[in-house]
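Asker: need a structure here:
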Amino acid sequence: MSESGTFRAEAADAGRRLDVALAERLRLSRAAAQRLIAAGLVLVEGSPARKRQILHAGETVAWRAAPPAAQAPSPAAVPLSLVYEDDWVLVVDKPAGVVVHPAPGHEHGTLADSLAAAGARGGDARRPGIVHRLDKDTSGLLVVARREDAYRRLVAAMKRRLVQRTYVALLLGSLAQDEGTIDAPVGRHVRDRRRMALHSPAGKRAVTHFETLARAGAFTLVRVRLETGRTHQIRVHFAALGHPVAGDLQYGRSPRPEGLGRQFLHAARLTFPHPDDGHEVTCSSPLPDDLAEFLESLGLADRQPI
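Answerer: Modelled structure (predicted):
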């Protein structure tokens, strides 16, 4: 859920309870929507919403998220797989299925919990040392700061595009191009706030470079390099080409290909200037077993995608 937003009640909303419509629009539980209303964070036509309020067509509903508690995550049992560490930084190989930092519906058991216990520092206390993120069902490499000055320098390096992030993705369909660049702005979807979209009114420039590694039947294996790092950028860009990431139910096709339990997207290589003296650090992560086994089922077991 984003920090704030508005929507206009449509004819189909007339006579519906506000908490029901709000939960549906924001993809929250009804209880969570009721908590927003009770906290005074929802306005209808500029006035605080009432408990059990009924909507009328044409009414404007505005909402904002509850501010996060300013406290560090509690230690949890998400195991850390460290690829690199020193007094300044950690490089973590995140497994699929793990949320990077606390968010509505995922307050505990995140990677941030374990990072805090491992000495991550810098930035928001709820996101200690976290400079960039990966989606829950994307696996691979993240660099994390262990000091406040390391955090500031890594953030600056990200803004200057000095951090190189390379992914391996399997796409649906046979991609015609052997290599290319997708340069199209990505922003929050105007109706579905959990999705991103091309050419959104709030879109920011997004650039994705790709190289085709192999084609196998109805799939194309690609190496992807991010020039920018917008939310869901790779997934949105390739879906717009008509070749969504295999297994991506949000931007792709349902059901998933048989034998693939999640989206085939892995952050395989990470290069960044060390925040101490600027020397280049490069880390690699091989494909996790689930993705490697799916490639093997396609006859691509001998491919070295990194």
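Asker: Work out for me the element residue 144 sits within.
Answerer: In this structure, residue 144 sits in strand 139-145 according to DSSP states H and E.
Asker: Quick check, residue 49 in contact with residue 38.
Answerer: No. Applying Cβ atoms under 8 Å as the test, residue 49 and residue 38 come out as separate, 9.2 Å apart. In this view, the C-beta of every residue, glycine as well, is placed from N, C-alpha and C.
Asker: So the two - more neighbours on which side?
Answerer: For residue 49 versus residue 38, neighbours defined as other Cβ atoms under 10 Å are more numerous around residue 49 (22 against 12).
Asker: tell me the contacts of the residue nearest to that one when sequence neighbours are not counted?
Answerer: Spatially, and ignoring its direct neighbours in sequence, residue 49 is nearest to residue 42 (4.2 Å; Cβ to Cβ, 6 or more residues apart in numbering). Neighbour list for residue 42: 18, 22, 36, 48, 49, 61, 62, 63 [criterion: Cβ atoms under 8 Å, 6 or more residues apart in numbering].
Asker: can you check residue 92 too?
Answerer: Taking Cβ under 8 Å, 6+ apart, one finds 80, 81, 82, 83, 111, 115, 141, 142, 144 in contact with residue 92.
Asker: Just the buried ones from these, in PyMOL syntax?
Answerer: To isolate the buried subset of these in PyMOL, counting by 16 or more other Cβ atoms under 10 Å, use the following:
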select buried, resi 80+83+111+115+141+142+144
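Asker: Closest to residue 265 out of the contacts of residue 92?
Answerer: Checking the contacts of residue 92 against residue 265 with Cβ to Cβ, the nearest one is residue 141 at 12.5 Å.
Asker: Quick check: beta-bridge partners of the closest one?
Answerer: Per DSSP bridges, the residues bridged to residue 141 are residue 93.
Asker: now do residue 89
Answerer: Residue 89 has these beta-bridge partners by DSSP bridges: residue 145.
Asker: Show me the domain layout of this protein.
Answerer: As recorded under automatic domain parsing, the domains making up the chain are 4-64, 73-160, 163-306.
Asker: Average pLDDT for the longest one, rounded please.
Answerer: If I follow you right, that is domain 163-306. Mean pLDDT, domain 163-306: 92.
Asker: And the helices in the protein, which stretches?
Answerer: Using DSSP state H, the helices found in the chain span residues 18-26, 30-38, 111-117, 148-159, 233-240, 289-297.
Asker: for the strand holding residue 144, packing partners?
Answerer: For strand 139-145, the elements it packs on are strand 89-94, helix 148-159, strand 265-273, judged by 3 or more Cβ pairs under 8 Å, 6 or more residues apart in numbering; DSSP states H and E.
Asker: Which residues outside the longest one are in contact with it?
Answerer: If you take Cβ under 8 Å, 6+ apart as the criterion, helix 148-159 is touched by 88-89, 121-123, 129, 131-132, 143, 145, 163, 229, 272-273, 275-276.
Asker: and it, which residues are buried?
Answerer: Under the neighbour-count criterion of 16+ other Cβ under 10 Å, helix 148-159 has 150, 151, 153, 154, 155, 157, 158 buried.
Asker: Who are the contact partners of the closest residue in space to the second one that isn't next to it in sequence?
Answerer: Nearest in space to residue 151, with sequence neighbours left out and distances taken as Cβ to Cβ, 6+ apart, is residue 122 at 2.5 Å. The contact partners of residue 122, taken as Cβ under 8 Å, 6+ apart, are 128, 129, 145, 146, 147, 148, 149, 150, 151, 152.
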